[in-house]
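Engineer: 3D model of this:
(4 chains)
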There are 2 protein chains.
Amino acid sequence: MSGATPRPLRADAARNRARLLDAATEVFTTRGVDVPTEEIARAAGVGVGTLFRHFPTKEALLEAVVVRRLETITDRTARLAAEHPPAEAFHACFRLVVEQSAGKQEFTRALAEAGVDVHASLRESSGLMRAQLAGLLTAAQQAGAVRPDLGLPELVALLVGTGAATEQLAADPAARERVFEVVLTGLRPH
Amino acid sequence: MSGATPRPLRADAARNRARLLDAATEVFTTRGVDVPTEEIARAAGVGVGTLFRHFPTKEALLEAVVVRRLETITDRTARLAAEHPPAEAFHACFRLVVEQSAGKQEFTRALAEAGVDVHASLRESSGLMRAQLAGLLTAAQQAGAVRPDLGLPELVALLVGTGAATEQLAADPAARERVFEVVLTGLRPH
DNA sequence: CTGGAATCGGACCAGCGACTCCGCTTAATA
DNA sequence: TATTAAGCGGAGTCGCTGGTCCGATTCCAG
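Structural biologist: This is a model prediction of the structure:
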């Protein structure tokens, strides 16, 4: 197995890599995954050659973006889970995940479509995320705050769905809030 | 203004047109809107030339497919609405629209992205659909079956969202049912 | 049956976008 | 500061896909 980075990566190279990641996140999110790679390179202030040296493939770049975002969300979720009682934590995380995933369905879908089996790195961080969610869910259920008949798959589906729903209401925060209320109310035991 | 069809369309032409529409519906739904036009032509058993004579553009074909599906759904919705009391009708239609819209978000999104303003035909049938839904919603609200603070936009968003959610659970009907219950429960007044 | 208009099919064309290549630039080090 | 290898940029390549064109084929009126 290969250990850490073989070489420490030169200063400018590291900077460019970071810029590319940021630019790609921005551009993919706002304009969709179909933007030409050149657009991303331009947004990052580098040439396409640089882009492809850092990420061998457009798909690899997309994957890197998704992984980073997943990791961020997982971290924040963990913090919320640690600092609040189960019911509150569950609700806060639900909102967090939905809000932070805006436009992300497209990402993962594109990934899933492109290569049949996603890369190891994605599977790993997505696994961590799922583990977090599973813990949150069972804790909330034991606290009597969530219907006991729901499993992780249903929770994930509802997260994705609520994301899609709120995306439709981007312009109207009040309506978005009402949608949240509908879903969160429906999640309570009845 | 132009009246009805200028010419009655030859027999084989009509057949081919229908085949194209069916094949396109099938292929777009199962493999996404990015399939090459040639695939659709092959699935329909015709050449690409025929395809482009009937539909001047790939986008036009997609639009025709979407319009047809919207019309079907609208018809069924109308029938349900006429034959059941408000609350039942609302629930039944909610399920119907979600189930029949499977994979359709992608369609409309692709359309919206492609040309900025969708074609008149689509706007028309989509308007009819929205009118149906609006009627259904207010009736159900007056019957006390649905939260009174929801508007048409929220309903549409929830339809789209529930569609996205159930699509994630394609393999597990029981889980899908639980998702429906969550959303429909959340829609009731509290 | 048959003439000819409508329709068909698929080779062909053009534009686009992912990725490569290589001469030039620049960070790191002695 | 000089040396050198890592890194950069972007013009160019190649394959793919939407859309066109026209000779071959098919329907149908007389």
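Engineer: so how far is stretch A:25-40 off the chain centroid?
Structural biologist: 16 Å (C-alpha atoms, centre = their mean, to the nearest Å).
Engineer: again, but for stretch A:142-155
Structural biologist: 22 Å.
Engineer: Next, the buried residues of it.
Structural biologist: By neighbour count on 16 or more other C-beta atoms under 10 Å in any protein chain shown, the buried set for stretch A:142-155 is A:Ala145, A:Val146, A:Arg147, A:Leu150, A:Pro153, A:Glu154, A:Leu155. Using the backbone N, CA and C atoms, a C-beta is placed for each residue, glycine as well.
Engineer: For that stretch, give me every contacting residue.
Structural biologist: A:85-87, A:90, A:130, A:133-134, A:137, A:140-141, A:187-190, B:168-169, B:172, B:175, B:178-179, B:182 (C-beta atoms under 8 Å, 6 or more residues apart in numbering or on different chains).
Engineer: And for stretch A:161-171?
Structural biologist: So stretch A:161-171 is contacted by A:94, A:98-99, A:101-105, A:175-176, A:179-180, A:183, B:105, B:153-154, B:156-158, B:160-166, B:168, B:179 (C-beta under 8 Å, 6+ apart).
Engineer: Give me the subset of the residues you listed lying in strands.
Structural biologist: Among the contacts of stretch A:161-171, the subset assigned to strands under DSSP state E is empty.
Engineer: Just the buried ones among those, please.
Structural biologist: Here, 16+ other C-beta under 10 Å leaves A:94, A:98, A:101, A:103-105, A:175-176, A:179-180, A:183, B:105, B:153-154, B:156-158, B:160-166, B:168, B:179 buried among these.
Engineer: and DNA strand C, which of these contact it?
Structural biologist: Here nothing survives when the buried ones among the contacts of stretch A:161-171 are matched to DNA strand C using C-beta under 7 Å from any atom of the strand.
Engineer: What about these, which are in helices?
Structural biologist: A:94, A:98, A:104-105, A:175-176, A:179-180, A:183, B:105, B:153-154, B:156-158, B:160-166, B:168, B:179 (DSSP state H).
Engineer: ok, now which ones touch the nearest residue to A:Ala13 once chain neighbours are set aside?
Structural biologist: Spatially, and ignoring its direct neighbours in sequence, A:Ala13 is nearest to A:His54 (7.8 Å; C-beta to C-beta, 6 or more residues apart in numbering or on different chains). Counting by C-beta under 8 Å, 6+ apart, A:His54 touches A:Ala13, A:Asn16, A:Arg17, A:Leu20, A:Leu61.
Engineer: which one of the residues you listed has the most neighbours?
Structural biologist: A:Leu20 (24 neighbours; other C-beta atoms under 10 Å in any protein chain shown).
Engineer: Over to it. Which of the three states is it?
Structural biologist: Secondary structure state of A:Leu20, per DSSP: H, G, I helix; E, B strand; the rest coil, is helix.
Engineer: Enumerate every residue touching A:Arg53.
Structural biologist: By C-beta under 8 Å, 6+ apart, A:Arg53 lies in contact with nothing.
Engineer: domains for chain A, by residue range?
Structural biologist: Here the domain parsing of chain A from automatic domain parsing is A:8-56, A:66-187.
Engineer: The first one vs DNA strand D: in contact?
Structural biologist: The reference is to domain A:8-56. Yes - Domain A:8-56 lies within reach of DNA strand D by C-beta under 7 Å from any atom of the strand, at A:9-10, A:12-13, A:16, A:45-50, A:52-54.
Engineer: Filter those residues down to the buried ones.
Structural biologist: A:Asn16, A:Val46, A:Thr50, A:His54.
Engineer: Those: which two are farthest apart?
Structural biologist: Maximum pairwise distance in these, criterion C-beta to C-beta, is 8.9 Å, between A:Val46 and A:His54.
Engineer: shared neighbours, those two?
Structural biologist: A:Asn16, A:Leu20.
Engineer: that older thread, tell me the one of the buried ones among the residues of domain A:8-56 next to DNA strand D nearest DNA strand C?
Structural biologist: A:Thr50 (8.5 Å; C-beta to the nearest atom of the strand).
Engineer: Other residues contacting the helix or strand where A:Arg15 lies?
Structural biologist: Using DSSP states H and E, A:Arg15 maps to helix A:11-31. Residues from elsewhere that reach helix A:11-31 (C-beta under 8 Å, 6+ apart): A:9, A:35, A:39-41, A:43-46, A:50-51, A:54-55, A:61-62, A:64-65, A:68-69, A:102-103, A:107.
Engineer: Against DNA strand D, how distant is the residue nearest the centre of chain A?
Structural biologist: Most central in chain A under C-alpha atoms, centre = their mean is A:Leu70, positioned 4.0 Å from the mean C-alpha point. For A:Leu70, the distance to DNA strand D (C-beta to the nearest atom of the strand, to the nearest Å) stands at 26 Å.
Engineer: Next one, pLDDT for that residue please.
Structural biologist: We have a pLDDT of 90 for A:Leu70.
Engineer: any chance you could read off phi and psi for it?
Structural biologist: Phi and psi for A:Leu70, reported as degrees, to the nearest 10, are phi -60, psi -40.
Engineer: nearest spatial neighbour of A:Phe55, skipping sequence neighbours?
Structural biologist: Of all residues not flanking A:Phe55 in the chain, A:Leu61 sits nearest, at 3.9 Å (C-beta to C-beta, 6+ apart).
Engineer: So the one you found versus B:Pro148, what's the distance?
Structural biologist: To B:Pro148, A:Leu61 is 47 Å away according to C-beta to C-beta, to the nearest Å.
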